[in-house]
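Student: Sequence below, structure please.
(chains A, B, C and D)
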2 protein chains.
Amino acid sequence: MRKNKSAALRKPDILESYYQVLIQEGLEGTSISKIANRIGIHPSLIIHYFKNKENMKLELVDLLIEKYQSPAMINFDHIEDDEEHFNAIIDVLFSFKWNRTVDPGVHFGFYYLSLRNEQILARFRVMFKWLRDYLREKLIYFNDKGVIRVKDATQAADYMVTLMEGLEFHSQFLANGEHFDDFAQTARKVLVSALKNGDF
Amino acid sequence: MRKNKSAALRKPDILESYYQVLIQEGLEGTSISKIANRIGIHPSLIIHYFKNKENMKLELVDLLIEKYQSPAMINFDHIEDDEEHFNAIIDVLFSFKWNRTVDPGVHFGFYYLSLRNEQILARFRVMFKWLRDYLREKLIYFNDKGVIRVKDATQAADYMVTLMEGLEFHSQFLANGEHFDDFAQTARKVLVSALKNGDF
DNA sequence: GATTATTAACTGCATATTCAATTAAAATGA
DNA sequence: TCATTTTAATTGAATATGCAGTTAATAATC
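Tutor: Model (predicted):
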């Protein structure tokens, strides 16, 4: 007997399936059929909900960006001591957990698509700007409190994002089976030192 | 009238065409037919030379890595003054020219494939290690000469590669129409400062 | 009874690859 | 040097497969 779900339930199901197939098969191995089979529905149903693959792609990008922006993860405003507060934020940014909120392969794949897809590019630009601006505000705050010494908070925040993304590369190509954290802690140390020494 | 070229001439032609189609159409838009049409040959001829698409892919990766490793670009051993010598190397690493020796989109695409393709991954691992080790040797030299102060040259070299790759992200997602160089110079400054301050 | 969810059957297209045939170039032998 | 044989380059046609998307019908839901 066929079970009918509402769009509100079915669409997230499809996007989750899309995400899982992407993880397993990659961009080039992901088809509407596979996404549908995985959750036991007819491929046409996906077209019914998303009209075409491109729309579905954009909706998944939006979903993953939302996931990435979950503010719970980097909000430590409850910590009163400024130095501790600062360290808590930095800790998360260079943690395995943060860098793996979304499967890095999927993120990477969409980054690649953004080179040829204006709409995806625009979304990621907004996402990175959001992160950068969030960090900038924090840096300004910690600068006022005397925890760090930065003149150009925007450049410093840009640098942090740059370093974090670079760490993805490092873990893929230069980490010799070592855990993500090992080198991340070096990068973290050097960054903090630059922030405190007034290099920005 | 048909002109027969030797394999030694035809294979590079095909790889060059592959490269160009990749730049214009991306991974998903690149087919054997398009590569063949672009240089006016029959698609079967490509299969004849490479046996299948996968082999051709690997041969192109090898070719691009060779291009990337052209040592001419970062060899400044002729500069006698150590400080100048050091600056010349750093300058190139953070230059637009260096970062664009191979089309970044193509590089990026192969990085992505490396997540699901062991053979491509192995090749890029070798390439990055080559770059890292090259830099490490240089850092050890400049440390001995008193130009910089590093205890762990491997970590420092890892950090340099990480930062350089992060810059690619920055220019794609955070550079607001600014030229690549603008932020690269900030990153360069902060790195040099860390190398000289003994942060590694 | 109208709207929505779902499927079935189908279309057209592009794909990588195979196979056999054809043409050109190179090697050989007189 | 010329004819012959061998090898390599090239094409044409065919195959099988997978793809996104269309259209029309059926089933469930409100």
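
Student: For the helix or strand of chain A with the lowest mean pLDDT, list every residue counted as buried.
Tutor: Ranking every helix and strand in chain A by mean pLDDT, DSSP states H and E puts helix A:96-99 at the bottom, with a mean of 86. Buried residues in helix A:96-99, defined by neighbour count with 16 or more other Cβ atoms under 10 Å in any protein chain shown: A:N99. C-beta here means a position set from N, CA and C on the backbone, and glycine is covered the same way.

Student: Packing partners of the very next helix or strand once past it?
Tutor: Sequence order places helix A:104-114 as the next helix or strand after helix A:96-99, per DSSP states H and E. Judged by 3 or more Cβ pairs under 8 Å, 6 or more residues apart in numbering or on different chains; DSSP states H and E, the packing partners of helix A:104-114 are helix A:7-25, helix A:53-68, helix A:118-144, helix B:104-114.

Student: possible to save these as JSON lines with distance to A:L93 and mean pLDDT?
Tutor: JSON lines is the format used below for the helices and strands packed on helix A:104-114 (distance: least, Cβ to Cβ, whole Å; pLDDT from 0 to 100):
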{"stretch": "helix A:7-25", "distance to A:L93": "24", "mean pLDDT": "94"}
{"stretch": "helix A:53-68", "distance to A:L93": "13", "mean pLDDT": "95"}
{"stretch": "helix A:118-144", "distance to A:L93": "8", "mean pLDDT": "96"}
{"stretch": "helix B:104-114", "distance to A:L93": "22", "mean pLDDT": "96"}
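
Student: Neighbours of the residue nearest to A:R125 when sequence neighbours are not counted, how many?
Tutor: Distances taken as Cβ to Cβ, 6 or more residues apart in numbering or on different chains put B:F173 closest to A:R125, at 5.6 Å, once the chain neighbours are dropped. Number of residues near B:F173 (other Cβ atoms under 10 Å in any protein chain shown) recorded here: 21.

Student: Contacts only, for B:F173.
Tutor: Neighbour list for B:F173: A:111, A:114, A:121, A:124-125, A:127-128 [criterion: Cβ atoms under 8 Å, 6 or more residues apart in numbering or on different chains].

Student: now, among those residues, which is nearest to chain B?
Tutor: A:F128 (4.3 Å; Cβ to the nearest Cβ).

Student: Just give the nearest non-adjacent residue to the closest one, would you?
Tutor: The spatially closest residue to A:F128, leaving aside those adjacent along the chain, is B:F173, at 4.3 Å (Cβ to Cβ, 6+ apart).

Student: I am finished for the moment; much appreciated.
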